[in-house]
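S.K.: what shape does this take:
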Amino acid sequence: MYVGTHAETHPDKLAVIRPATGESLTYRQLNDRSNRLAQLLHAQGLRRGDHLALYLENHLAFFEVIWACMRSGLYLTPINRYLPAAEAAYIVDDCDARVLIASAAIGESVELGHLSSRCEIKLSVGGAIEGFEDYDTAIARYPAERLAEEPLGTFMLYSSGTTGKPKGIKRPLQDLPAANGSPGSAATVGMFGIDGDAVYLSPAPLYHSAPCGYVTGVTQLGGTVVMMDKFEAETALSLIERYKVTHSMWVPTMFVRMLKLDPETRARYDLSSLRCAIHAAAPCPVEVKRQMIDWWGPVIEEFYSSTEMAGFARVGSPDWLAHPGTVGRSSGKPFHICDEDGNELPVGEAGTIYGEVDVAVPFTYHKDEGKTVSASHPGHPEWRTVGDVGYLDEDGYLYLTDRKAFMIISGGVNIYPQQIEDALALHPKIADVAVIGVPNEELGEEVKAVVEPAPGVVPSDALGQEIMDFVRAKLGRQLTPRSVDFTDELPRLPTGKLYKKAVRAKYWPV
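M.R.: I've put the predicted structure just below:
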């Protein structure tokens, strides 16, 4: 099933609601507008396998573009709307986009248009951009009719670039009609009980792989998406109550911010409609998750995967409480934990995590065979890694240690910052924290905590000492930062990922 089916069976049902503006799209409107855009793209010569880039905030047009591409056999590349023009232009160029759709609300769009000279078609959403044609005016010239042939399209997403240059993750198009819908989308959302009756709250930016994939799956099945423009802790709670949200997806930093609301605010909202609250994208500190389960009940579900889909694990609340800290057990092919030479390690021993990819639709890094090879196991090319480090317990549950790129080697000892960051996550005087390695002539690296103080908390040497003492009491001397620096704001992406490369750059010589 897809939007065309739902437009016929329940045309007036709301497909998407945007509470911040009061706007919405019915399935009839979503179907008609995505058809008009598909007709425009086809008339301009785009055919199966061509690419379209989207530089847009959370906006109703996002859904129209998704479904125009899904029913045209196109690759869609949503771009992080917070990237500066030069970095966004790199992705537009690298993905070979023939079409760029950008937002007039994003100041960088003007320069992006100038830098993206290879794009044949440029459409602006929400206002005028120099060199672009108005999106609404352009699609209005075309009929709201389906194309004669509707091959299934897909996404070509880019990695976040938190540890290096963004990489395009490309899979071959499946030889399926769009009317059948994407089997992957249906399976991904279906495992969490999402169906045509679901009301799904999406608090994250849609350019990211999981939010984008899940809203596509929800609309494919005929549910309703409640899309936040940006995450705000109390607003999210109010929307659950207002729209009787049944399903939602979060990242751990959102949990932390909701937990830091005062008890009276947290108790004000009726959250009883929630059947499943999914979280992913980053490891969740044990105490944070335990408190969320205490608050929301056993509706918390977690999955571990990647844009590359190099393995998939999931865990519900009861199993997590029995295995605290796990990110789940494989729901398909097993994970493999390997040493630097590719040898599999025994239970409980940490190493590089490899997952088995689907050989029918294997991913490659677009235009970078070297990166594809480096992500593959030397003896088993179908085993792929994204650089995460972790271990398996005797029951097959996976635990993450950290990203290999973030590991600190101090005096020959491997230190994973995640453990220290988790210990500080709920500290009442800390809004956010990054733990990094900085140069030390004797040890090679030493541990530093970079702290964003909680509102109203004044940075001081005394506070820095308090934080170090707190870590020492919880984790011991070896994991205690040697110093604490303070910052007004850490560069955390709206997806919840910390842009650690930017934090480290201040301390390491180029």
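
S.K.: quick check: bridge partners of the residue lying closest to Asp94 once chain neighbours are set aside?
M.R.: In this structure, Asp94 finds its nearest non-sequential neighbour in Gly168, 6.0 Å apart by C-beta to C-beta, 6 or more residues apart in numbering. Using the backbone N, CA and C atoms, a C-beta is placed for each residue, glycine as well. Note on Gly168: beta-bridge partners Tyr158, judged by DSSP bridges.

S.K.: what's the burial count for Gly168?
M.R.: Gly168 has 23 neighbouring residues, counting by other C-beta atoms under 10 Å.

S.K.: please apply the same query to the one 10 residues further on.
M.R.: Here the number of neighbours of Ala178 (other C-beta under 10 Å) works out to 24.

S.K.: wait, it sits on Arg71?
M.R.: Yes. Using C-beta atoms under 8 Å, Ala178 is in contact with Arg71, at 4.1 Å.

S.K.: just the pLDDT for the residue nearest to Asp94.
M.R.: Gly168 is assigned 92 on the pLDDT scale.

S.K.: that one and Phe470: what is the separation?
M.R.: Separation of Gly168 from Phe470 (C-beta to C-beta, to the nearest Å) stands at 42 Å.

S.K.: buried residues of stretch 479-495, list them for me.
M.R.: 479-481, 484-487, 490-495 (16 or more other C-beta atoms under 10 Å).

S.K.: spatially, which two of the residues you listed are the most separated?
M.R.: Thr480 and Pro494 (31.0 Å; C-beta to C-beta).

S.K.: test my guess that Val110 contacts Glu130.
M.R.: Yes. Here Val110 lies in contact with Glu130, judged by C-beta under 8 Å, at a distance of 5.7 Å.

S.K.: looking at those two now, which is surrounded by more residues?
M.R.: Val110 (18 against 11).

S.K.: which SS class is the more buried one?
M.R.: At Val110 the chain is in helix, as set by DSSP: H, G, I helix; E, B strand; the rest coil.

S.K.: distance from stretch 465-477 to the middle of the chain?
M.R.: Relative to its chain's centre, stretch 465-477 lies at 32 Å (C-alpha atoms, centre = their mean, to the nearest Å).

S.K.: meant to ask about stretch 79-89
M.R.: With C-alpha atoms, centre = their mean as the basis, stretch 79-89 stands 16 Å off its chain's centre.

S.K.: which secondary structure element contains Glu308?
M.R.: Per DSSP states H and E: Glu308 is located in neither a helix nor a strand.

S.K.: list the contacts of it.
M.R.: Ile169, Val357, Phe363, Ala375, Arg384, Val386 (C-beta atoms under 8 Å, 6 or more residues apart in numbering).

S.K.: how far away is the third one from Glu308?
M.R.: To Glu308, Phe363 is 5 Å away according to C-beta to C-beta.

S.K.: common neighbours of those two, please.
M.R.: Ile169, Val357, Arg384.

S.K.: quick check, nearest of those to Ile106?
M.R.: When the shared contacts of Phe363 and Glu308 are ranked by distance to Ile106 (C-beta to C-beta), Ile169 comes first, at 23.4 Å.

S.K.: distance-wise, check that closest one relative to Trp250.
M.R.: Ile169 is 23 Å from Trp250, by C-beta to C-beta.

S.K.: for Pro318, same thing?
M.R.: The value you get for Pro318 to Trp250, if C-beta to C-beta is used, is 19 Å.

S.K.: looking at those two, which one has more neighbours?
M.R.: Between Pro318 and Trp250, counting by other C-beta under 10 Å, Trp250 is the more crowded of the two (23 against 10).

S.K.: the more buried one contacts Pro203, correct?
M.R.: Yes. Under the criterion of C-beta under 8 Å, Trp250 makes contact with Pro203 at 6.7 Å.

S.K.: what about Val451, which SS state?
M.R.: strand.

S.K.: tell me the contacts of it?
M.R.: Val451 makes contact with Leu424, Ile430, Asp432, Val433, Pro459, Gly464, Ile467, Val484, Asp485, Phe486, Thr487 under the criterion C-beta under 8 Å, 6+ apart.

S.K.: for the third one, helix, strand, or coil?
M.R.: Which is Asp432. Going by three-state DSSP: Asp432 is strand.

S.K.: now it, nearest residue through space, not along the chain?
M.R.: Spatially, and ignoring its direct neighbours in sequence, Asp432 is nearest to Glu452 (4.1 Å; C-beta to C-beta, 6+ apart).

S.K.: residue nearest the centroid of the protein?
M.R.: For the chain, the residue nearest the mean C-alpha position is His208 (4.1 Å; C-alpha atoms, centre = their mean).

S.K.: okay, that residue: pLDDT?
M.R.: 90.

S.K.: cool, and the one 10 residues further on?
M.R.: With respect to pLDDT, Val218 scores 97.

S.K.: is it true that Glu133 touches Leu123?
M.R.: Yes. Using C-beta under 8 Å, Glu133 is in contact with Leu123, at 5.6 Å.

S.K.: just the helices in the stretch 1-150 of the chain please.
M.R.: All helices of the stretch 1-150 of the chain, identified by DSSP state H, counting those that start in this stretch, fall at 3-9, 27-43, 60-70, 85-94, 109-115, 135-140.

S.K.: buried stuff in the first one?
M.R.: This means helix 3-9. Quick answer for helix 3-9 (16+ other C-beta under 10 Å): Val3, Gly4, His6, Ala7.

S.K.: ok, stretch 39-49 next?
M.R.: Buried residues in stretch 39-49, counted by 16+ other C-beta under 10 Å: Gln39, Leu40, Leu41, His42, Leu46.

S.K.: same question for stretch 84-93.
M.R.: Ala85, Glu87, Ala88, Ala89, Tyr90, Ile91, Val92.

S.K.: check those residues and tell me the two furthest apart.
M.R.: Ala85 and Ile91, at 11.0 Å, using C-beta to C-beta across the buried residues of stretch 84-93.

S.K.: what about the strands in the stretch 401-510 of the chain?
M.R.: 408-410, 413-415, 430-440, 444-453, 483-486 (DSSP state E, counting those that start in this stretch).

S.K.: out of those strands, flag the one nearest His59.
M.R.: Ranking those by proximity to His59 (C-beta to C-beta) places strand 430-440 first, at 27.2 Å.

S.K.: flag every buried residue along the closest one.
M.R.: Ile430, Ala431, Asp432, Val433, Ala434, Val435, Ile436, Gly437, Val438.
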